[in-house]
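In: what follows is a protein structure lacking sequence information:
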């Protein structure tokens, strides 16, 4: 039993050492490629595009308000469902793993 525990500890130590060597050997910083200087758009074009976007958002906002609320509620329910599913699956894995370890000893 003690030899089995020592092999487990040795295996975990070797795995951790290998992971550290791997992480130290890989390059973690990559320089960004050079970019050309952005051109300034004419002031009148900027004002016109901002005014057009604002007008479109004001026109479309009331029409899509209820649809947006419905989608937001559906997305919230889906997120809560995924979180609960994750907890349940994790509990099942934990219980099965615990029984397998107890049967092994």
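Out: That came in fine, so what should we check first? Only a predicted model underlies this, so the values are computations on that prediction, with no experimental measurement involved.
In: host element of residue 34?
Out: According to DSSP states H and E, residue 34 maps onto no helix or strand at all.
In: for it, give me the pLDDT.
Out: Looking at residue 34, its pLDDT stands at 77.
In: that one: neighbour count?
Out: 5 (other CB atoms under 10 Å). Placement of C-beta: from N, CA and C, glycine included.
In: so which residues of this structure form helices?
Out: 2-25, 43-104 (DSSP state H).
In: worst mean pLDDT among these?
Out: helix 2-25 (a mean of 71).
In: ok, residue 15 - how many residues close by?
Out: Count around residue 15 with other CB under 10 Å applied: 10.
In: go on, residue 87?
Out: 10.
In: ok, it to residue 99 distance?
Out: 19 Å (CB to CB, to the nearest Å).
In: what's the answer for residue 89, then?
Out: 16 Å.
In: just residue 82 next, same as before
Out: Applying CB to CB to residue 82 and residue 99 gives a distance of 26 Å.
In: can you check residue 36 too?
Out: Distance from residue 36 to residue 99, by CB to CB: 62 Å.
In: those two: which is more packed in?
Out: residue 99 (10 against 5).
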